[in-house]
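*Asks:* The sequence and its predicted three-dimensional model are supplied below.
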Amino acid sequence: MTAQSLAVRLTQYAAGGGCACKIPPGELEEVVRGLVGDSHEGLLVGLDDGDDAAVLRLDDRTAVVSTADFFTPVVDDAYDFGRIVAANALSDVYAMGGRPVLALNLVGWPRSVLPLELLREVLRGGLDVATQAGCAVAGGHSIDDPEPKYGMAVTGLADPNQLLRNDSAEAGAPITLTKPIGVGMLNNRHKATGEVSPQAIASMTTLNDRARDAALAAGARAATDVTGFGLLGHLYKLLRASGVGAELDAASVPLLEGAREAQRAGYVSGGTRRNLDWVRPHLDGSATEDTLLMLADAQTSGGLLVVGELPGYPVIGRTVAGPARIRVD
């Protein structure tokens, strides 16, 4: 952490933070309705089911996975912000069962307000995490922007016969979550008070490569990563695409240390409340409002949500036959 990073609170230069800045899922779906553009014969995964990345088959053994992700600061430290962004962007490739190989930087920076030395730290953080993942970083694009933003466009490779998709879940299978939730609550507290959660930073900077490996080894075919639409939102999208329902055991969902306390203190983002409003018509069960809000918490660089049992990770529910509804008890 540099002295400059300590002097500047990046989160104070953005209206929102992280994946909580996403356009609400219902509004976004209305905007892109009919804009599928998947007429290319090699396109295996496009816009239809809200998967984490697009996938184009090159041949019987190789497919290209393509994604882009960017957002405003979730933490004040520039280097950590870069690390979090990179882990989050790479996660979309892992969530499809792929391996990231090339990333391009996407930068918006208020150059007349924030020193370029801080931007260098952001880029250094992104490079370090991409290097850890074995992914090359080569250039990108930048603009002068009133708010600081950073992201990556990532290209990966995958076996077209071993993709993890939203539309491939079958009824009667366990549901596994590979990271605890609560990042949104902790990030919102950090933005308001400056209090740092080492647990949240550690979670957000952890790559999902091992979770991807475990999912493929277990023969899983359906997965997504949990980001801005929250656990409930991303689970509902997967269930809707697959034509199945789910039963969720709220007590089995792991929470980050301090997340419950942050919620009780009122650090619930508007994005989290919008997530719950969107998915509420598709919920049943006895869970309390506080529990549902936590399950709808807008995550940044969350874990993989996998239909299948992965050794070493908690099972939080089960898919069931029927319409795309979630029973939460």
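*Replies:* Okay, I see it. Since this is a predicted model, take the numbers as computed values, not measurements.
*Asks:* what packs against the host helix or strand of L305?
*Replies:* Here L305, judged by DSSP states H and E, is contained in strand 304-307. Judged by 3 or more C-beta pairs under 8 Å, 6 or more residues apart in numbering; DSSP states H and E, the packing partners of strand 304-307 are helix 78-95, strand 174-177, helix 209-217, strand 222-225, helix 230-242. Every residue, glycine included, has its C-beta placed from N, CA and C.
*Asks:* For these, please prepare JSON lines with the additional fields distance to L116, mean neighbour count and mean pLDDT.
*Replies:* Listed next are the helices and strands packed on strand 304-307 as JSON lines, based on distance: least, C-beta to C-beta, whole Å; neighbours: other C-beta atoms under 10 Å; pLDDT from 0 to 100:
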{"stretch": "helix 78-95", "distance to L116": "11", "mean neighbour count": "28", "mean pLDDT": "98"}
{"stretch": "strand 174-177", "distance to L116": "39", "mean neighbour count": "23", "mean pLDDT": "98"}
{"stretch": "helix 209-217", "distance to L116": "31", "mean neighbour count": "20", "mean pLDDT": "98"}
{"stretch": "strand 222-225", "distance to L116": "32", "mean neighbour count": "28", "mean pLDDT": "97"}
{"stretch": "helix 230-242", "distance to L116": "35", "mean neighbour count": "25", "mean pLDDT": "97"}
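*Asks:* Could you point out which of these sits nearest S301?
*Replies:* Ranking the helices and strands packed on strand 304-307 by proximity to S301 (C-beta to C-beta) places helix 78-95 first, at 3.8 Å.
*Asks:* okay, the closest one in CSV with CA atoms only?
*Replies:* Extracted as CSV, the C-alpha positions of helix 78-95 are listed here (Å, rounded to 0.1, in the frame of the first residue of the first chain):
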residue,chain,number,x,y,z
ALA,A,78,-5.4,1.6,-5.7
TYR,A,79,-3.4,-1.6,-5.9
ASP,A,80,-6.1,-3.7,-4.2
PHE,A,81,-8.7,-2.1,-6.5
GLY,A,82,-6.7,-3.3,-9.5
ARG,A,83,-6.3,-6.8,-8.1
ILE,A,84,-10.0,-7.1,-7.4
VAL,A,85,-11.0,-5.9,-10.9
ALA,A,86,-8.7,-8.5,-12.5
ALA,A,87,-9.9,-11.4,-10.4
ASN,A,88,-13.5,-10.4,-11.2
ALA,A,89,-13.0,-10.1,-14.9
LEU,A,90,-11.1,-13.4,-15.1
SER,A,91,-13.8,-15.1,-13.2
ASP,A,92,-16.2,-14.9,-16.1
VAL,A,93,-13.9,-17.1,-18.1
TYR,A,94,-13.5,-19.6,-15.2
ALA,A,95,-17.3,-19.6,-14.8
